[in-house]
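Enquirer: could you work out the structure for the sequence below:
(one chain, ligands or ions: 2)
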Amino acid sequence: MKNTCLKFLRLLLCAVLLMPFTLFAQQDADAAALMARVAEAMGGSEAILGVHTLEANGYGLEAYFWGGGNVTGDPMAPQKWAENPGMSSIWDFDNDRYLTQYRHNFLFPFGGIFGHSFALSGWGYDGNVGYTITENGNGQRLANWSTAGAWFKPDGYAFRRLEALSHPLAAVRAVLSGKAQAQNLRIENDLQLVDLVIDAGRATMAIDPATSLPRFVRWSTPHQNLGQLVLTTTFAGYQDWDGVQLPFAWSSNIDWRDTQIQTRLLDAYYINSDHTPAIGAPQSILSQPLPQAPASFPEITATEVADGIWHFNPGGNTVVEFADHLVMFELGGDVLGARAAIARANTLVPGKPLTHLMVSHHHFDHTRGFRAAIEAGLTIISHRGNFGILNDMASRPAPNFGDMVLLPDGGRMDFMPVDGRLRLQDDTMTLDIYPVVKHNHMANAIFAYAPDSQTFIEADLATPANQFSFWAEAYEDNLEHYNLEVRMVSPNHVNRPMTHQETLEWIAEGVPNAIARCEEYDERGRNLPGCPPYLFRNWNERQSRE
Ligand SMILES: [Zn+2]
Ligand SMILES: [Zn+2]
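Expert: Numbering: from 1, shown residues only. Ligands and ions are numbered 1, 2, ... in the order given. Have a look, this model is predicted:
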């Protein structure tokens, strides 16, 4: 009896120990069976494996900074979109190549020509080389992951691999050809989910049980401002195209505020067609070594703007000295640059630590270094309206990307809100922080002003990009509104302090270009966003007389 009992216990233990494995094995077998049904619904494995090149051509939109570039950080602020005409995504399955290309133009006024140039850019991989390429064939090899892609979006070889997998035919074909393993079948919100495991990473595909067609593909990506994001690409409008079911539109959302970041609408597919160009990467790209993260940041020069006020280059940060501590205005830059700016500030005046960061506005290029400020325990000073978005940036975790995004567990923000004027004052320094008025690039923005030295500290107010000066009046509008006299400007986007007069001349450079751009399109009856520019001062007088 004792013996039988022992045997039974052993069996039970064995069963308990094996249960997870048999369960997983069953889920994987079910995943494989489901993928076979999906292949059948899409036209059959033979038809799918018979697709050797796939070209999807169309157009779409992209959210500026993936939702971090709107007029305010309010979740209900309307999305600022860039248009992407000339979109073409090509898969060359036999040669293990992928390339997506599109043009880019902001549907809102922007100060730099590059925002309105309709430049064609491409991203893809050729074998194990990820790359980005411009219209004239210049290209850069991509690291495995990066948080510094175009417009500071995530990028990298793994990013492009997973993006290429985010199309039903590519994904199902990868499973059929053995390049992806389907695993872990489960149910979520009435959809069947399977994980697709490839060499470069892991994605999850959802299948609509009613049609057995893929509904979405999602995967995780690092983001310097937002920690870790889940990016979900959802397919719509399946139709038969040369014997396979293909979606005619798709869009991508991130799990931060469920923001729609990209839309793609097609004009046509081409399958195994002479129309499709070869997409091998140029040898000049293939021969590049894998980019390595730089080990050090260039030395930061601190230029004295006025007594107790310094301007950093590179970085464009301004540091203000109080009796026993320092306060910084603006902290963009990559992880290395942001940490270097904080370290430089902490050695600027012996015995005086950096304790506060003023954030001019929430735009992701201006808050790229934000998590470094949280890491350093700085108190954040910004417009009260930025609390929510800055708190998101401080607290979102990045569990899978702790090697490249700061605060993998998320952090905690100490916040000092600016409502009206906020005065920071002790025996040695008075610094006033004001809400920006009359500025169509950014509401909920602040600038700082030191009345004793008449120093104006700003970002995107006096010196946004000046190739098109769509915001020419904003600087003087703010000075008039708050009745301020300025001797020196400490700018974020210009690499040196400037006098008031130099600042006016700098702004004036882009005024004729903004006017000309609007007039050029008005003549064709194609009125542009931001036109006519809001201008009423005499800008000819402000042109440099050099
Ligand atoms: Zn901005
Ligand atoms: Zn800016």
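
Enquirer: residue in the stretch 201-350 of the chain with the shortest distance to ligand 1?
Expert: residue 332 (10.2 Å; C-beta to the ion). Yep, even glycine has a C-beta here, placed from its N, CA and C like the rest.

Enquirer: could you find the closest non-adjacent residue to that residue?
Expert: residue 368 (4.8 Å; C-beta to C-beta, 6 or more residues apart in numbering).

Enquirer: right, and the one you found touches residue 223 too?
Expert: No: the pair residue 368 / residue 223 is not scored as a contact, 10.1 Å apart, by C-beta atoms under 8 Å.

Enquirer: thought residue 411 was touching residue 375?
Expert: Yes: counting by C-beta under 8 Å, residue 375 is a contact partner of residue 411 at 6.6 Å.

Enquirer: spit out the contact partners of the spatially most central residue of the chain.
Expert: For the chain, the residue nearest the mean C-alpha position is residue 153 (2.8 Å; C-alpha atoms, centre = their mean). Residue 153 makes contact with 65, 66, according to C-beta atoms under 8 Å, 6 or more residues apart in numbering.

Enquirer: report the separation between it and residue 63.
Expert: 10 Å (C-beta to C-beta, to the nearest Å).

Enquirer: also residue 75?
Expert: On the measure of C-beta to C-beta, residue 75 and residue 63 end up 13 Å apart.

Enquirer: which of the two has more neighbours?
Expert: Between residue 75 and residue 63, residue 63 has the larger neighbour count (other C-beta atoms under 10 Å), namely 23 against 14.

Enquirer: and the residue of the chain nearest ligand 1?
Expert: residue 363 (3.6 Å).

Enquirer: can you tell me which strand in the chain is longest?
Expert: strand 227-241 (DSSP state E).

Enquirer: can I get the CA coordinates of that one in PDB?
Expert: What follows is strand 227-241, C-alpha atoms only, in PDB (Å, rounded to 0.1, in the frame of the first residue of the first chain):
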ATOM      1  CA  GLY A 227      10.200  54.500 -22.000                       C
ATOM      2  CA  GLN A 228       8.800  51.400 -23.800                       C
ATOM      3  CA  LEU A 229       5.900  51.400 -26.300                       C
ATOM      4  CA  VAL A 230       3.800  48.700 -27.700                       C
ATOM      5  CA  LEU A 231       3.200  49.500 -31.400                       C
ATOM      6  CA  THR A 232       0.100  47.900 -32.900                       C
ATOM      7  CA  THR A 233      -0.500  47.800 -36.700                       C
ATOM      8  CA  THR A 234      -4.200  47.000 -37.600                       C
ATOM      9  CA  PHE A 235      -5.200  45.800 -41.000                       C
ATOM     10  CA  ALA A 236      -8.500  46.700 -42.800                       C
ATOM     11  CA  GLY A 237     -10.200  46.200 -46.100                       C
ATOM     12  CA  TYR A 238      -9.000  42.800 -47.200                       C
ATOM     13  CA  GLN A 239      -9.600  42.000 -50.900                       C
ATOM     14  CA  ASP A 240      -8.500  39.300 -53.300                       C
ATOM     15  CA  TRP A 241      -5.400  40.500 -55.200                       C
END
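
Enquirer: give the contact list for the residue of the stretch 201-350 of the chain closest to ligand 1.
Expert: Residue 332 touches 315, 316, 338, 365, 366, 367, 368, 369, 492, counting by C-beta under 8 Å, 6+ apart.

Enquirer: can you turn the buried part of those into a ChimeraX selection?
Expert: Of the contacts of residue 332, the buried ones go into a single ChimeraX selection, burial set by 16 or more other C-beta atoms under 10 Å:
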select :315,316,338,365,366,367,368,369,492
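
Enquirer: narrow the contacts of residue 332 to those in helices?
Expert: The members of the contacts of residue 332 that map onto helices under DSSP state H are residue 338.

Enquirer: relative to residue 523, which of the contacts of residue 332 is nearest.
Expert: residue 365 (33.0 Å; C-beta to C-beta).

Enquirer: just the pLDDT for the closest one.
Expert: You'll see residue 365 listed with a pLDDT of 97.

Enquirer: same thing with residue 2?
Expert: Per the predicted model, pLDDT is 51 at residue 2.

Enquirer: ditto for residue 480
Expert: For residue 480, the predicted pLDDT is 98.

Enquirer: what sits against it?
Expert: No contacts exist for residue 480 under C-beta under 8 Å, 6+ apart.

Enquirer: beta partners of the closest residue to residue 254 other than its chain neighbours?
Expert: Spatial nearest neighbour of residue 254, excluding adjacent residues (C-beta to C-beta, 6+ apart): residue 229 at 4.6 Å. Judged by DSSP bridges, the bridge partners of residue 229 are residue 221.

Enquirer: ok, residue 229 to residue 258 distance?
Expert: In terms of C-beta to C-beta, residue 229 sits 11 Å off from residue 258.

Enquirer: out of these two, which sits in the more crowded spot?
Expert: residue 229 (23 against 10).

Enquirer: mind listing what that one touches?
Expert: 154, 220, 221, 222, 223, 254, 255, 256.

Enquirer: tell me how many other residues crowd the first one.
Expert: Burial of residue 154, expressed as a neighbour count using other C-beta under 10 Å, amounts to 25.

Enquirer: what's the closest non-adjacent residue to it?
Expert: residue 221 (4.5 Å).

Enquirer: could I get the contacting residues of the one you found?
Expert: 145, 154, 159, 162, 228, 229, 230, 231.
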